[in-house]
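A.B. asks: fold the following.
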Amino acid sequence: MIEPKSPDVHIFSLTPVPRLGTIILGTILKERGFDVAVIAEEIHPVKDEYFQDVQLVGISSTTSTAVRAYALADRLREKGITVVMGGPHVTFMPEEAINHADYVVLGEGENIFPELVEALDRGETLKSQPGLVVRGEEVHHVHAQRVKNLDDIPIPDFSIVMGMNDCKVRGTRVIPIQASRGCPFDCCFCSVTDMFGRKFRHKSIERVLQEVEKFNSKKYNIFFYDDNIAADKKWLKELLREFVKREMKFSWCAQVRIDAAKDEELLDLMKATRCQTVFIGIESLNPDTLKAMNKNQTAEEIKQGVAAFNAKKIPVHGMFVFGLDTDTPETLKGTISFAKYSGITTVQFLILTPLPGTRTYKELKSQGRIFTDDWSLYDGHHVTFQPENFSPVKLQEMQVWGHNKFYSIWRLIKKFMKGKFIDAAIYAYAKNINRLWKKSNKFFMNYLNFMSISEELTRRIKAFFDINEDTRVFSRVELAYQFKKLTLSQEEIKTIINNAKITIKDWYEITEDTIDKVKHQICADKLKVLANKSLPEVELKQELKKMDFKQEEINVILNQTDRKVKAWFEINEEVIENLKSKININRLKMFSNQVFCTFIGSTERSSQSGKS
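C.D. replies: Next up, the predicted model:
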């Protein structure tokens, strides 16, 4: 069973904790006599040697890990191994996932997945049915029946998880537990309700106690994976009273809504049972945005709730979402300011992400506003759609700026001077994560900048020529057509295009496939730090030289990379000056120093040594 790694750094990179889906399914199979191992790539690498005698691999994927999941699935199927995929992303995108797998599980897999494995073990095959899509058969979207009684799910056996003992933070082992599923609320950007339903299902008190009692020590921190553990406050208070009664010594943290703070008895019990942090989806301080999200909470309730947690000295990790149609630069600045001065301990400012299975995805997709289906960017840290009141690059810059403001060096120093050394360390870590994100995403930021330039120029051209809004103005053919409207002759148009400043850069991406192909010729392990990152040719060669690769080894690597050409051409002042003696250039001045035409395209391997 494999849980692929996240594609980029984030604030939880320091404390990777495996999700429970693969562990629970692995535990079920182990109890039925199968030999099972679970690899969570965040804590343990996937190695080819692990699969020599493996007959079946299950891969669980979220949207941001889908690219990696598909790459692993393709690689394993080439080895003749049966691949079953599950998880939120493939549940909502089975047409896509079945191209990489033999079977796709839709929804909760505790019943259908073991049934499938046992049938295959008997030499039988299953037909497509609710919860299961079979390769070669008609694809459907009917989910498996949800588990009615969560007590029927076995207690996760963490001994099957490779590297589980490495899940530590400041010497404390982090243990994931799930006590409930489902959320009665229905936020527009969240896929939880479609995946697990709006009905709140929870385990019995005795069953939860049975799961946590083996970790009754200060060296453990229990992380409840529940989407909203306080959805049933009466049940949670009863559970916490038992924690007190049984003198549970572990610390714990969980996700709750801000309305949990309205119950003072609950806050007292949380404090008494060593609640280390509450993770709260605050989302925004803009009332219009909260309404658009269907959040069912007000800005005033948020302020009061954060103050209540602060009064009990329960740290709050606030999670905010930027980029709804009701957001503006001013409202985001207001939200960032609130986060800084409200007493919230740590934050994540996330970009609205149109995850498959959400209303946000359906709406933005139908409006044609999603500009990339590179799922590795769907991690809450990258803009993947055209916002209403921002350019994509401006929204991205607001998110980066928000983290810079909250985790500023001055705020870090203040934490240190007050003796809050752990908070200061977290701030230093978060600040470094922000720096690493910017460093590893230079290409992405350049891409967003390019989009903004292209969109602004397109807007100006359309306004000048009164072109219909649906018309694209990016190709050379369209450019020549627009020049004709200026009554330029064919010869003049040809002269302009031939004299325009054309800039071309080769971009190379070292993929997992690249590493796999060159590993028999050179020592490829060092390349993993560059996996799935795009760099211009010069920069990539510099990076490879820093890694002490020889020139012939660099040539081997470059010949196996995915290569793309980014090109643009510009009518600048110098171009106009050169054209002065050839044509009437007065009509061209409106285009002075503007990028007019752009191309991004793949090149054939055979052209590696040639010029595009």
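A.B. asks: how about the contacts made by the residue nearest the centre of the chain?
C.D. replies: In the chain, the centroid-proximal residue (CA atoms, centre = their mean) is residue 379; its distance is 1.3 Å. Listed by CB atoms under 8 Å, 6 or more residues apart in numbering, the contact set of residue 379 reads 6, 7, 8, 10, 64, 353. (Each C-beta comes from the backbone N, C-alpha and C, glycine too.)
A.B. asks: and it, how far from residue 237?
C.D. replies: Distance, residue 379 to residue 237, using CB to CB, to the nearest Å: 35 Å.
A.B. asks: go on, residue 371?
C.D. replies: Applying CB to CB to residue 371 and residue 237 gives a distance of 46 Å.
A.B. asks: check residue 516 too.
C.D. replies: Using CB to CB, which is the criterion applied here, residue 516 is 53 Å from residue 237.
A.B. asks: now residue 521
C.D. replies: Taking CB to CB, one finds residue 521 at 63 Å from residue 237.
A.B. asks: looking at the two now, which is surrounded by more residues?
C.D. replies: A count of neighbours by other CB atoms under 10 Å puts residue 237 above the other of residue 521 and residue 237, at 17 against 12.
A.B. asks: pop out the phi and psi values for the more buried one.
C.D. replies: phi -60, psi -40 (degrees, to the nearest 10).
A.B. asks: ditto for residue 276
C.D. replies: phi -80, psi -40.
A.B. asks: cool, and residue 359?
C.D. replies: Reported as degrees, to the nearest 10, the phi and psi values for residue 359 are phi -60, psi -40.
A.B. asks: so what pLDDT did the residue lying closest to it once chain neighbours are set aside get?
C.D. replies: In space, and not counting its chain neighbours, residue 359 is closest to residue 188: 4.6 Å by CB to CB, 6 or more residues apart in numbering. For residue 188, the model assigns a pLDDT of 87.
A.B. asks: so residue 188 touches residue 293, yeah?
C.D. replies: Yes: proximity of residue 188 to residue 293 meets the contact threshold set by CB atoms under 8 Å, at 5.5 Å.
A.B. asks: most neighbours among the contacts of residue 379, please name it.
C.D. replies: Most surrounded of the contacts of residue 379: other CB under 10 Å gives residue 64, at 25 neighbours.
A.B. asks: what's the nearest residue to it if we skip its chain neighbours?
C.D. replies: Leaving out its chain neighbours, the residue that sits closest to residue 64 by CB to CB, 6+ apart is residue 379, at 3.8 Å.
A.B. asks: what secondary structure does that neighbour sit in?
C.D. replies: What DSSP: H, G, I helix; E, B strand; the rest coil gives for residue 379 is coil.
A.B. asks: so how far is residue 89 from it?
C.D. replies: Residue 379 sits 12 Å away from residue 89, going by CB to CB.
A.B. asks: same question, residue 76
C.D. replies: Taken as CB to CB, the span from residue 76 to residue 89 is 18 Å.
A.B. asks: neighbour count: those two, which is higher?
C.D. replies: Taking neighbours as other CB under 10 Å, residue 76 and residue 89 compare with residue 89 leading, 26 against 22.
A.B. asks: contact partners for that one?
C.D. replies: With CB under 8 Å, 6+ apart, residue 89 has these contacts: 61, 62, 63, 65, 66, 69, 97, 356, 375.
A.B. asks: quick one, phi/psi of the fifth one?
C.D. replies: Backbone dihedrals for residue 66, given as degrees, to the nearest 10, come out at phi -60, psi -40.
A.B. asks: and it, how many neighbours?
C.D. replies: Other residues within reach of residue 66, judged by other CB under 10 Å, total 28.
A.B. asks: now the one 5 residues further on
C.D. replies: Here the count is done by other CB under 10 Å, and residue 71 has 18 residues near it.
A.B. asks: find the helix or strand that it is a member of.
C.D. replies: Per DSSP states H and E, residue 71 falls inside helix 66-78.
A.B. asks: so which elements touch whichever helix or strand comes after that helix?
C.D. replies: Proceeding N to C from helix 66-78, the next assigned helix or strand is strand 82-86, under DSSP H and E. Helices and strands touching strand 82-86, by 3 or more CB pairs under 8 Å, 6 or more residues apart in numbering; DSSP states H and E, are strand 56-60, helix 66-78, strand 103-105, helix 112-121.
A.B. asks: partners of strand 82-86 in the sheet?
C.D. replies: Strand 82-86 sits in its sheet next to strand 56-60 (parallel), strand 103-105 (parallel), going by DSSP bridges.
A.B. asks: mind putting the helices and strands packed on strand 82-86 into CSV with mean pLDDT and distance to residue 419?
C.D. replies: Converted to CSV, the helices and strands packed on strand 82-86 look like this (pLDDT from 0 to 100; distance: least, CB to CB, whole Å):
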stretch, mean pLDDT, distance to residue 419
strand 56-60, 97, 42
helix 66-78, 93, 42
strand 103-105, 97, 50
helix 112-121, 95, 50
